[in-house]
Structure formats: structure tokens, C-alpha cells
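Colleague: Need coordinates for the following:
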Amino acid sequence: MPEISRFYGIIIKMYFNDHTPPHFHAFYGDHEALINIATLAVIAGKLPPRALGLVTEWAALHQDELLATWERARKAEPLVKIAPLP
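Modeller: Predicted coordinates:
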């Protein structure tokens, strides 16, 4: 699963040809959550509140890039990195 961003100890990844709805995986320590790109809601899993807040903030800033990356992943095309939170 390719890593597309990393910030504050949080790792964002996307699977190639993953199931819908469009989403990404956020990892923080032993925690993992699947985040819906359109709604920024947690689909599955759990992150600590502070980490979830940072992931949501980052995803809101990069929603268009995340959707484009999702489309690339669905086509098994190389994924590009997305800038982290500053």
C-alpha cells in the first residue's frame, strides 16, 4: 500500500484498486482509520482525537488531490505524494 503523505507521526496510504467509497487509510501508532474522501467521515477503525483532527484538517486542504490520487490508484497508475501539514 503506497504511502502518499506523512506528518506529525501520521502516515496516509492508499491501496491500489480498493473498494468504494473513495477513501484513504490513516495510521498513527497502533491505530488505523479509513477516511471517506468526500465526507471526511471515518468509515472504519479509530484514531486518537488529536490525530483524527490533524488528518481531517489535512484532508480538507487536499480533497481534490485525494480524489485524483484515488482515481490513479483505481487505474493502478503510480501515485504522487501529497504535501503534509506544515
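Colleague: switch to C-alpha atoms for all contacts and neighbour counts from now on
Modeller: Fine.
Colleague: Can you give me the buried ones in stretch 35-51?
Modeller: 35-37, 40, 42, 46-47, 51 (16 or more other Cα atoms under 10 Å).
Colleague: Next step: those residues restricted to strands.
Modeller: 35-36, 42, 46 (DSSP state E).
Colleague: which one of those residues sits closest to V55?
Modeller: I35 (8.9 Å; Cα to Cα).
Colleague: which non-adjacent residue is nearest that closest one?
Modeller: In space, and not counting its chain neighbours, I35 is closest to V42: 4.6 Å by Cα to Cα, 6 or more residues apart in numbering.
Colleague: ok, the one you found - contacts?
Modeller: 33-36 (Cα atoms under 8 Å, 6 or more residues apart in numbering).
Colleague: Tell me the helices and strands packed up against the helix or strand of the chain with the lowest mean pLDDT.
Modeller: Sorted by mean pLDDT, DSSP states H and E, the helices and strands of the chain end with helix 63-74, the least confident at a mean of 96. Packing contacts for helix 63-74, counted by 3 or more Cα pairs under 8 Å, 6 or more residues apart in numbering; DSSP states H and E, involve no helix or strand.
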